[in-house]
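Undergrad: Have a look at this fold, sequence not included:
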C-alpha cells in the first residue's frame, strides 16, 4: 500500500525526469497510479478542484526545497533555475 512519502517521491522523480509537473496532471496521475482513497493523497480545494493533500506537499517540499519551485501562474512545479529567487517560488 502506498504512503504519502511514496507519492512525494513519485512527484520528485517526475520533476527530475521531465523538468516540470503540472498540478492537474499530478492529481490525475496520483488517482490512477496509487489507486488510493482520494482523501489520503488528494483533497478538494476552496475552488472546488482536486488538489494534492497538504501532508503530501509537506514531505515533497522538504525533499525539494533547494531544487524545485512552484509557478502559481502555470500551476506547476519546475526545476529551480539560477535566476529564481530563494524560497519555494521562482521568479514572479
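TA: Structure's in. What do you need? Predicted, not measured: the structure shown is a model, and the values here were computed from it. Numbering: from 1, shown residues only.
Undergrad: low-confidence ranges in this structure?
TA: 36-38, 88-92 (pLDDT under 70).
Undergrad: Counting by contacts, list what the top helix by length along it packs against.
TA: Identified as the longest helix of the chain according to DSSP state H is helix 4-18. In terms of contact count using 3 or more C-beta pairs under 8 Å, 6 or more residues apart in numbering; DSSP states H and E, helix 4-18 is assigned the packing partners strand 20-22, helix 23-33, helix 38-41, helix 54-64, strand 76-79. For the C-beta atoms, the positions are set from N, CA and C on the backbone; glycine is no exception.
Undergrad: Can you give me every residue that contacts the spatially most central residue of the chain?
TA: In the chain, the C-alpha nearest the mean C-alpha coordinate belongs to residue 11, at 5.7 Å (C-alpha atoms, centre = their mean). Contacts for residue 11 (C-beta atoms under 8 Å, 6 or more residues apart in numbering) come out as 21, 26, 52, 56, 60, 77.
Undergrad: How much space separates it from residue 82?
TA: Using C-beta to C-beta, to the nearest Å, we find residue 11 at a distance of 23 Å from residue 82.
Undergrad: ok so residue 46 is a helix residue?
TA: No: if the criterion is DSSP: H, G, I helix; E, B strand; the rest coil, then residue 46 is coil and not within a helix.
Undergrad: quick one: it from residue 8, how far?
TA: Distance of residue 46 to residue 8, computed by C-beta to C-beta: 22 Å.
Undergrad: Comparing those two, which residue is more hemmed in?
TA: residue 8 (22 against 6; other C-beta atoms under 10 Å).
Undergrad: and that one, how far is that from residue 78?
TA: Here the distance between residue 8 and residue 78 works out to 16 Å (C-beta to C-beta).
Undergrad: That'll do, ta.
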